[in-house]
Every structure is written in structure tokens, then in C-alpha cells.
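Colleague: whatever this is, show me its structure:
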Amino acid sequence: MYSKQTYELAKIYATDRNLFNKMKSEGKVTSIESDLMSGNFTDYNFSALAEELPVFMMGYTPYEPKHGYDGYNGKHYDSSDKYLEVKPQKSYFHYDNNKVMNKLNGGGAFADYTLERFKKDKDMGDNLRMVIPGYVEGELAYIVSFPFNHPKFMNAIEEKTKDAIQKNKPRNLPGFSHTLYSDCEDLKIEYLAPEGRLNYMSKFISGPWLKKLRKINNEQDN
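Modeller: The predicted model follows:
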């Protein structure tokens, strides 16, 4: 878990790069801080900071221990009644291959998932929300959330987990895309990049998912 100041700076880096660069040129951001942000957000893999920032932006407390949920509401993890499970997705341009990699589709995956963990998640009921952040070359394109117990999503994850166990796969990594939850009535857009940036990012986001994001955002605004 990082300091509040680090999360605030990370938020600027991930949502307003022009402001971040201006702060850097004015000496308000040190070279060490700049390197920290760049290393955490432009790496092809996911850093703890990139996973925890959406939790912070939603007003929850990030939680790092491996077998717990990624965020909680309240003073203490064990006494909380609201939890977040974060599954980030990242897209970037691969210059050697001259193409966009991992186009965002609102997807994610559960690592080393078990039926025991599924039962625990299911038993959380409405108190567990999935959080899906989409990053484009280190910038946040969106953060969406929905309840884990959305039937279409939950049933698909259960079936994929059972199938992996039946086939004796060494690792169970049930994946998903927005098609398993985009019809959820409790789907919320927690953050969406300004339209100008979203237009630039459009080549990194699947067309149907981008269309859905804009539609939901307009409905929330109205």
C-alpha cells in the first residue's frame, strides 16, 4: 500500500498526462517520482500501483495480501462489508511488430482459481464488486464495476472453473470479456477518459465495448 500522496500523483499521471508533464517541467515532480510513475504504468506487466489506483479512485482502501480482496470499505479489512476484486487490462502499441497489442474488451482473468474460492466469492452476495480498469499505454481509459453475483458472469466463471478441474489443467485461469456483464443493470462507470483522449484511445479499444462504454456513460449522466 502506498501513501495518499503517491496515489494522488499516480491519478494525475494516469488521467491527465499534460498536467503531469507541466508539473514536472515546473519542478513540482522530481525525476525519481517521474521514473516511479513511468515504471509502474508503462510496464507491460501490472504493478501493484496500477492495480491499486482504481481502488483509491473509488474511495476504497487498497489491500495487498495475496489471498484477500483488492480493496475494502471502512477502517479495517476484517470488519468491512464491501469489497473489490480488481482485474485490470492493458493495451499498448508494439513498435517492433507495428501493431496494437491486447486491444481492450473489458476483460480479465482469475489466476489459479478454485471452486473453494468461487464459493467464497459467491457467498459475498452484493458485497463483492468486480472492478475492471482499462489502461492504454499507461493512461486510464476507463474503470467499470459490477457485482460479482451478476448471474451471467458468475455462472460462466463457475462453469469455466469446473471445466478446468475436469480436464486436470495445471492452472485454472477463467477469463471473461464485457459480454458476460455488459447487460448488468448495476454496471457502473467509475471513470471514463475525456472524449478527446477517448477518441485517441479508440484504436486500442474494441468497437463494441467502446460503444457500450459511451452509451452507459451517457445514461449515467442523464
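Colleague: which stretches in the protein count as strands?
Modeller: Across the chain, reading from the start of the chain, the strands by DSSP state E fall at 61-62, 71-72, 83-86, 89-94, 99-101, 108-109, 128-136, 139-147, 175-176, 188-192.
Colleague: out of the ones you listed, which is closest to Met23?
Modeller: With respect to Met23, and counting by CB to CB, the nearest of these is strand 139-147 at 15.8 Å. The C-beta positions use only the backbone N, C-alpha and C, and glycine is treated the same way.
Colleague: give me the contacts around the closest one.
Modeller: For strand 139-147, contacts defined as CB atoms under 8 Å, 6 or more residues apart in numbering pick out 14-15, 17, 41, 53-54, 57-58, 84, 104, 106, 126, 128-135, 153, 181, 184, 186-193, 197-198, 201, 204-205, 213, 216.
Colleague: partner strands of that strand, with direction?
Modeller: Note on strand 139-147: by DSSP bridges, its sheet partners are strand 128-136 (antiparallel), strand 188-192 (antiparallel).
Colleague: hey, C-alpha coordinates of the shortest one in PDB?
Modeller: Translated: strand 188-192. Taking Å, rounded to 0.1, in the frame of the first residue of the first chain, the C-alpha atoms of strand 188-192 are listed here in PDB:
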ATOM      1  CA  LYS A 188     -21.200   1.400 -13.300                       C
ATOM      2  CA  ILE A 189     -18.600   3.500 -15.000                       C
ATOM      3  CA  GLU A 190     -16.400   4.800 -12.200                       C
ATOM      4  CA  TYR A 191     -14.200   6.700 -14.500                       C
ATOM      5  CA  LEU A 192     -14.100   7.400 -18.300                       C
END
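Colleague: need the strands of the chain in TSV with distance to Ala48, can you?
Modeller: Compiled in TSV, the strands of the chain are given as follows (distance: least, CB to CB, whole Å):
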stretch	distance to Ala48
strand 61-62	8
strand 71-72	12
strand 83-86	11
strand 89-94	14
strand 99-101	22
strand 108-109	16
strand 128-136	13
strand 139-147	16
strand 175-176	21
strand 188-192	19
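Colleague: out of the ones you listed, flag the one nearest Val29.
Modeller: When these are ranked by proximity to Val29, the top entry is strand 139-147, at 16.3 Å, counting by CB to CB.
Colleague: report the central residue of this structure.
Modeller: In the chain, the centroid-proximal residue (CA atoms, centre = their mean) is Pro133; its distance is 2.5 Å.
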